[in-house]
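In: predicted model and sequence follow; I will ask about them next.
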Amino acid sequence: MKKASIIMIIGPLFLLGLYIFPLWNIMLGAPQYPEPLGMNIHIDGIQGVSEFDIQNIDGLNHYIGMRKLPKPEDMWEFTAFPLVIGGMVALGVLIGILGFFEKLNYKWFMGWFVFMSILGILGMYDFNAWMVDYGTNLDPNAIMKLTNPDGTPISYKPPLFGHAKMLNFDVTSLPSTGAWMMFAGMMLTVGAFFMGKRAWKPKSKTASVVPLKVKTNDK
Amino acid sequence: MKKIRYSMLAFIGLVLVFTGCNDAGKSSNGALSSGAAEKVYVAPGEQDEFYAFLSGGYSGNLTVYGLPSGRMFKEIPVFSQFPTSGYGYSEETKPMLNTSFGFVPWDDLHHPDISQTNGELDGRWIFVNGNNTPRIARVSLSTFETEEIIEVPNSAGNHSSSFITENTEYVVAGTRFSVPVPQRDMPINEYKGNFKGALSFISVAPDNGRMNLEFQLLMPGFNYDLSRPGRGKSHGWFFFSTYNTEEANSLLEVMASQNDKDFIAAVNWKKIEEYVKNGGGTKMPTNYAHNVYDEESHTGTSTMIKEVVTVDPTKVPGSLYFLPTPKSPHGCDVDPSGAYIIGSGKLSADITVHSFDKMLDAIENEKFDGEAYGIPILNFEDVLAGTVKSGGLGPLHTEFDANGNAYTTFFISSEVVKWNVGTWEVLDRKPTYYSVGHLMIPGGNSRKPFGKYLVAMNKITKDRYLPTGPEMEHSAQIYDISGEKMELIYDFPTHGEPHYAAGCPAELLASKSQKIYRLDENKHKYATLGANDARVERNGNEVHIYMSTIRSHFTPDNIEGVKVGDKVYFHITNQEQDFDVPHGFSIIGQNTSELLVMPGQTKTSVWEPKKVGVWPFYCTDFCSALHQEMQGYVRVSPANSNIDLSWSLGE
């Protein structure tokens, strides 16, 4: 249980990577952009991969009537996410420490993982909803108004995961370092759960019962 | 009959043999030419191995090419007005072409030289000379723009220029014409003994490249043709070829070709530098322009300087010697080790090589052969290292590879000759098309040549390309010199008249080539930093329009309240911060040129409306899909009207 608890302490700490590294990355390449434009989505705001990428993406987006990319103060998420992540790191570490001193059992480890997963899925849902809004809620006076064959306006929503062709742009959207660190950290907590589970059985009450049973079986 | 048959058979046999031979010959030729094609072929999307900067001669500008493809990348305006970008027409760049003769919108650009550290190319700047109205310019190799032009007083026909010392301590400018110094009204035929030749040493600040004319050597009235720095062991010396040591002032073709030998002047500039540092030299009143372009304010300023330090070399013992060199030497080249000074007598078949060590020995042991105007002439045989019996005629210029070989151009016999430095033995020769002047090997005028390609720049084109009437661009050839024998691999037209050129490996410059100017560093007095800052102001009859551009509109694009007789300044600031998104500006009846404004840059065009009406302006650079919509109007009212200034966008 001690080993499992140490891993449970380490796992959530991986989430601290989100304060440094981007969660998500969206790259936009086109014939005119052999060096693609790109944005890194951090938990506290959106940054250009190169210095002027945000300005240049906004410049291009104005043709299709997209709003400017949000600044940190434009979206509550960029304030809330760092707090939520910080809270979850603290909670996870606390659970690990309490596990170390055997104040609570391994099931809490899974509990933290499930809670974090729910938050993660909610986050993804929110992120996707934001992209849908940005990609479809366009200025009616946009310079370029393009429609699908059925007459509905084209959506410029970038893919949540993977590649899409949007007009002349190849858009690739993938989790970035921060997300991978979060993923690794969460997997560690799952590992901590199973290690804790295995270490739990032979200990405490059941530990003395098992050899007894063995003896009975022998005779 | 039998005999005839046999001989028929023999004949057929011979035919077969010869045909066979011919076939073999043809296929090997084919392989050879396809090999050349592969060597120069830079596939679409690939980039060249070397930059080449070819002087434009009478175009006044510098052209940038790639090697081995021979593709031209850019023309950098230096001494000539350039409507393509507005250089020399915009308010910011007009001061760059200011001189003591006023605005001189043209020059004859001859000899590019890339800055060096420890004798190796460092790729910070490239220096070029204006031959006609003596000027030296410094071009940045991160923006590829002219940053500074300094006029050279007391000089005329600034030809033995603009060569740098091995740590870019100085850029050196020598006069071709000797003239009265200071200039004065005197009979031309009193030239001899009275005219002077000024050799100017212009220091280069190591941090920002800023030039300063430190001193001028006032030499006897010869013609100073070309020059090269000493390097390695000969660092601290500078060598100038001379002709017309006869000091003729007319029909020089004949009169200046009488002496069997002219001189290469060896100048110990370190000695003179020290002399001047210790207060030596004479401060002479003069007047010359020093023009500096500031990258942050995007603005050039011209300052007139009123004084120059001149040095009489006879007052500085050991600072100057003459090396007799046969047949009116033109090229004066120093090998990568700095041990040999090559003088190419342009009327000769041979190349004369002087030894630096022997020169020092001759100086020490006073092996003199008389003197000229108090300057010791060293004994020819005592400084001679060797003579290259070339078999050609009219040697002009020599460059070097990294393996101890030299390559000399021959104008009259129209060829390049490869020879060994040390044995003076001719190793190879290849024709040029036609009448080659300078040649260039990247780094060939440094301690570290990159001896892979040689570019021969010719004076005569004739039938090399599809004919284009009497006037044609000059031709150049690229040779692969990586093997024992030179191989002609490409032939391409050049712009203007390239004289000398300079080249360097692509990686020295490519990664630091600037992509945009930062808007947040724009310190232009009339910059419009953001569309909200756009406005129009009147000051008497001057109207200043602070205009911003971004894809795909001008702010403002409707302007009223301008009157006939106004002087309207369009200050255009490009708001883009994206690589390769310039915007242009032009307005009907503009008496200057359009402007091409790079991202983050501000440029100004003056327009003096002469007619009442509503006059359009537009973007000249196809900036976006809506480039054609990037336009606007200026309403011009009669001079006595009282319409208020107003401006708008999207109203």
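Out: Perfect, I can see it now.
In: my guess is A:N148 meets A:T136, correct?
Out: No. Using C-beta atoms under 8 Å, A:N148 makes no contact with A:T136, being 11.8 Å away. C-beta: built from backbone N, CA, C; applies to glycine.
In: need the pLDDT of the nearest residue to B:K462 once chain neighbours are set aside.
Out: Residue nearest to B:K462 in three dimensions, not counting chain neighbours: B:Y434, with 6.2 Å by C-beta to C-beta, 6 or more residues apart in numbering or on different chains. pLDDT recorded at B:Y434 is 95.
In: who's in contact with B:Y434?
Out: Residues in contact with B:Y434 (C-beta atoms under 8 Å, 6 or more residues apart in numbering or on different chains) are B:414, B:458-462, B:475.
In: which of those count as buried?
Out: Among these, those buried by neighbour count (16 or more other C-beta atoms under 10 Å in any protein chain shown) are B:414, B:458-461, B:475.
In: so which of those is the closest to chain A?
Out: Proximity of the buried ones among the contacts of B:Y434 to chain A was ranked by C-beta to the nearest C-beta; the top entry is B:S475 with 33.3 Å.
In: the closest one reaches B:L488, doesn't it?
Out: No. Applying C-beta under 8 Å, one finds B:S475 not in contact with B:L488, separated by 12.0 Å.
In: how about the residues of chain A near chain B?
Out: By C-beta under 8 Å from any C-beta of the partner chain, the residues of chain A that approach chain B are A:35, A:51-52, A:55-56, A:59, A:63, A:143.
In: could you export the residues you listed as TSV, including distance to A:D170 and secondary structure?
Out: Listed next are those as TSV, based on distance: C-beta to C-beta, whole Å; DSSP: H, G, I helix; E, B strand; the rest coil:
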residue	distance to A:D170	secondary structure
A:E35	13	strand
A:E51	22	coil
A:F52	20	coil
A:Q55	21	helix
A:N56	16	helix
A:G59	18	helix
A:Y63	17	helix
A:I143	22	coil
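In: quick check: ChimeraX command selecting the buried ones in these.
Out: Buried residues among the residues of chain A next to chain B (16+ other C-beta under 10 Å), as a ChimeraX selection:
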select /A:52,55,56,59,63
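In: least confident of the residues of chain A next to chain B?
Out: The model is least sure about A:I143 among the residues of chain A next to chain B, giving it 88.
In: what sits closest to that one if chain neighbours are left out?
Out: Using C-beta to C-beta, 6+ apart, the nearest residue to A:I143 is A:Y63, at 4.8 Å.
In: equivalent analysis for B:V636, please.
Out: Nearest non-adjacent residue to B:V636, counting by C-beta to C-beta, 6+ apart: B:P609, 4.4 Å away.
In: check which helix or strand that neighbour maps to.
Out: Assigned by DSSP states H and E, B:P609 belongs to no helix or strand.
In: surely it and B:I559 touch.
Out: No. With contacts counted by C-beta under 8 Å, B:P609 stays clear of B:I559, the gap being 11.1 Å.
In: any residues in contact with both of the two?
Out: Going by C-beta under 8 Å, 6+ apart, residues that sit against B:P609 and also against B:I559 are B:V634.
In: buried stuff in stretch A:78-86?
Out: A:78, A:81-82, A:85.
In: for B:F450, which three-state class applies?
Out: The three-state assignment at B:F450 reads coil, by DSSP: H, G, I helix; E, B strand; the rest coil.
In: so who does it touch?
Out: Contacts of B:F450 (C-beta under 8 Å, 6+ apart): B:50, B:402, B:441-443, B:503-505.
In: and for B:P77?
Out: Per C-beta under 8 Å, 6+ apart, neighbours of B:P77: B:60-61, B:84-85, B:87-88, B:146.
In: and for B:G437?
Out: B:396-397, B:409, B:411, B:457-459, B:498-499.
In: repeat for B:P95
Out: Per C-beta under 8 Å, 6+ apart, neighbours of B:P95: B:291, B:300-302.
In: make sure it is indeed in a helix.
Out: Yes. According to three-state DSSP, the state of B:P95 is that of a helix.
In: confidence score at it?
Out: What the model reports for B:P95 is a pLDDT of 98.
In: what do you get for A:L212?
Out: In this prediction, A:L212 has a pLDDT value of 44.
In: ok, back up a step: as JSON lines, the residues of chain A next to chain B with distance to B:S648 would be great.
Out: Shown next, in JSON lines, are these (distance: C-beta to C-beta, whole Å):
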{"residue": "A:E35", "distance to B:S648": "37"}
{"residue": "A:E51", "distance to B:S648": "32"}
{"residue": "A:F52", "distance to B:S648": "28"}
{"residue": "A:Q55", "distance to B:S648": "24"}
{"residue": "A:N56", "distance to B:S648": "27"}
{"residue": "A:G59", "distance to B:S648": "22"}
{"residue": "A:Y63", "distance to B:S648": "22"}
{"residue": "A:I143", "distance to B:S648": "19"}
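In: returning to what we had before: among the buried residues of stretch A:78-86, which are in strands?
Out: Using DSSP state E, no member of these sits in strands.
In: gap between the helix or strand hosting A:D126 and the chain center?
Out: Take DSSP H and E as the rule and A:D126 turns out to sit in helix A:107-136. Mean-position distance between helix A:107-136 and its chain equals 7 Å (C-alpha atoms, centre = their mean, to the nearest Å).
In: can you pull up the residues of chain B that come close to chain A?
Out: B:516, B:550-551, B:576-579, B:625-626.
In: poorly predicted segments of chain A, please.
Out: Along chain A, segments meeting pLDDT under 70 span A:201-219.
In: let's see 90
Out: Applying pLDDT under 90 to chain A flags the ranges A:1-2, A:102, A:104-105, A:140-149, A:151-155, A:166-167, A:197-219.
In: what values do phi and psi take at the residue of it found nearest chain B?
Out: Here chain A gets closest to chain B at one residue, A:F52, 3.9 Å apart by C-beta to the nearest C-beta. The phi/psi pair for A:F52 (degrees, to the nearest 10) reads phi -100, psi 20.
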